[in-house]
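> Build the 3D model from these lines:
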Amino acid sequence: MKRLIPVLLAVFLLAVLIVPAGAAQKTTVTFWQAGGDATSSGVIREIIKDFEAANPDIKVNFQAIPWAEDPHMKFQAAIVGGTIADIFTVGDPFEHVLTANNALEPLDRFVSKETKADFYPVFIDRCTVNGQLMALPWFGTIRAMFYRKDLLAAAGVPEPTTSWTWDEFVKYTKKLTRDTNGDGVIDQYGFGTSGRYVSQFQPFVRQSGMDFVDEDKEIALANNPAVVEGVQFYIDLIRKHKVTPPGITTINLEEIQKMFAEGKVALFIDCEDTSQRFLKEPALAGKFGVGLLPHNKAHAAFGGTDVIVMSKQSKHKEAAWKFLECMVSPKSMAAYCKAIGFSPARKSLANHPDLNDPIRTAFAKQMEVGGYFYFKHPKASGMSPLIRAEVQQAMEGTKTVEAAMNSLQKGLEDLLRK
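Purely as a prediction, here's the structure:
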């Protein structure tokens with residue numbers, strides 16, 4: 001027994017001291033996602049599970065913040081409070097805003113030339129600020145025209161597989177705005193939209209060959225005749241032609257999606273992820289398609305990308321980079337895009353068998369015909385509220401389009417001078 005006591009003590013010390021010391025060496029990395037739902041979170045958790053198995057010295061704490069909770073605002077508050085995640089996703093161009101506030105870690109020293117070369121140049125360009133790579137693209141997206149095949153056929157309207165002119169768009173949306181049961185009340189509208197989102201009306205401005213701001217020259221153009229023309233066309237759809245449902249000034253896009261699914265809206269503008277959800281709805285089987293937005297002087301559809309960034313405050317940058325690299329790897333990106341419906345940002349996934357179908361091809365055609373990204377100006381996040389507020393007043397009729405754009409011009413000029 002006397003001989004066993006030292007042995008038992010040694011075993012006890014190994015259990016108490018050595019094992020906890022080894023466990024204490026595990027690095028915890030925090031990852032926050034802007035947006036996300038049950039499907040996307042499920043995919044990410046599977047990626048994390050595989051990553052932790054391959055990297056037993058790293059633990060990843062994950063949290064998704066829905067878009068409805070304004071994750072960008074929460075991220076800014078966390079940065080000020082010193083509690084921001086090691087890595088997190090943001091919607092482009094918010095990485096430019098954070099870079100201007102010295103909140104992000106440049107990624108150039110982490111990324112190999114081979115990895116960087118595998119991303120489409122347009123996305124790398126969006127992630128580059130003053131010559132430094134401040135983010136990596138996670139996926140790409142473009143908005144296209146959703147349409148109800150059955151409603152268009154019933155009204156004798158051709159499917160928008162080629163881009164309609166503005167005149168044709170007005171003509172067809174008026175034909176699709178109908179009292180289908182003869183009770184004197186409109187119960188089917190040609191076009192669903194919402195004034196809550198700049199991406200819903202800015203395409204019409206771009207289709208006029210102009211935009212609210214020339215960010216390269218840093219000048220406001222809101223009262224330019226071409227901008228006024230684009231906004232006026234959008235407002236006329238609502239107030240003059242009456243082809244949109246009531247209450248769309250502040251309606252949530254999810255409500256428009258629901259109306260489309262119920263056959264109360266024939267056309268609306270949305271992204272790939274919505275099409276993937278619709279494909280799973282038995283009631284919509286064979287009834288919906290994705291086509292092209294109309295055009296005027298130019299073709300234009302709002303495109304975008306979510307990007308992954310590293311916080312400058314991170315105390316575990318090497319471990320954070322390992323997980324960031326995993327998230328944008330071809331395997332992880334393919335899994336995420338397959339589940340959610342977005343387009344991969346890496347060239348090596350262009351012909352991936354799980355990422356080629358007629359719906360995705362339609363979105364790719366829209367990007368090819370004409371797509372654009374939102375302002376990447378450091379003050380872009382301040383532009384959106386100004387633009388939205390003035391267009392909403394025009395939608396409500398409290399201001400004419402000309403008055404709204406004159407007011408917006410002043411607001412944007414003041415913002416750019418700050």
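> which stretches of the protein aren't confidently modelled?
The model of the chain has pLDDT under 70 over residues 1-24.
> Tell me how it divides into domains.
What automatic domain parsing lists as the domains of the chain is 26-142+304-370, 144-300+379-417.
> How far off centre is the longest one?
Domain 144-300+379-417 sits 17 Å away from the centroid of its parent chain (C-alpha atoms, centre = their mean, to the nearest Å).
> Enumerate every residue touching residue 289.
The contact partners of residue 289, taken as C-beta atoms under 8 Å, 6 or more residues apart in numbering, are 146-147, 149, 159, 161, 362. For every residue, glycine as well, the C-beta is placed using N, CA and C.
> in stretch 306-326, what's buried?
Within stretch 306-326, the residues scored as buried using 16 or more other C-beta atoms under 10 Å are 306-314, 316-317, 319-326.
> tell me how far the ends of it are from each other?
16 Å (C-alpha to C-alpha, to the nearest Å).
> ok now that stretch, how far from the chain's centre?
Centroid separation for stretch 306-326 versus its chain: 20 Å, with C-alpha atoms, centre = their mean.
> cool, stretch 305-316 as well?
Here stretch 305-316 is found 18 Å from its chain centre; the criterion is C-alpha atoms, centre = their mean.
> And the strands in this structure?
For the chain, the strands defined by DSSP state E occupy 27-34, 58-65, 87-91, 128-129, 132-133, 136-142, 144-148, 189-192, 213-214, 219-220, 265-270, 288-291, 303-310.
> starting at the chain centroid, how far to the first one?
Computed by C-alpha atoms, centre = their mean, the chain-centroid distance of strand 27-34 equals 20 Å.
> Can you name every helix or strand that it contacts?
Secondary-structure packing of strand 27-34 (3 or more C-beta pairs under 8 Å, 6 or more residues apart in numbering; DSSP states H and E): helix 38-54, strand 58-65, helix 71-81, strand 87-91, helix 317-327.
> Alpha carbons of that strand, in CSV - could you do that?
Presented in CSV, the C-alpha positions along strand 27-34 are these (Å, rounded to 0.1, in the frame of the first residue of the first chain):
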residue,chain,number,x,y,z
THR,A,27,-8.5,28.7,-28.6
THR,A,28,-12.0,30.0,-28.9
VAL,A,29,-13.0,32.0,-32.0
THR,A,30,-16.3,33.8,-32.2
PHE,A,31,-18.1,34.0,-35.5
TRP,A,32,-21.2,36.2,-36.1
GLN,A,33,-23.4,36.1,-39.2
ALA,A,34,-25.4,39.1,-40.5
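> how many degrees apart are that strand and strand 87-91 in direction?
10 degrees (axes from the mean of the first three to the mean of the last three C-alpha atoms, to 10 degrees).
> residues of strand 27-34 that come out buried?
Residues of strand 27-34 classed as buried: 27, 29-34 (neighbour count, 16+ other C-beta under 10 Å).
> now, which of the residues you listed sits nearest residue 206?
Proximity of the buried residues of strand 27-34 to residue 206 (C-beta to C-beta) peaks at residue 34, which lies at 24.6 Å.
> if I look at the nearest residue to that closest one once chain neighbours are set aside, how far off is residue 84?
Computed as C-beta to C-beta, 6 or more residues apart in numbering, the closest residue to residue 34 that is not its neighbour in sequence is residue 71, at 3.9 Å. Using C-beta to C-beta, to the nearest Å, residue 71 is found at 12 Å from residue 84.
> what is in contact with these two at once?
residue 32.
> Filter the contacts of residue 289 down to the buried ones.
Buried members of these, counted by 16+ other C-beta under 10 Å: 146-147, 362.
> Pipe the residues you listed into CSV and attach distance to residue 273 per row.
Shown next, in CSV, are these (distance: C-beta to C-beta, whole Å):
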residue, distance to residue 273
146, 12
147, 17
362, 14
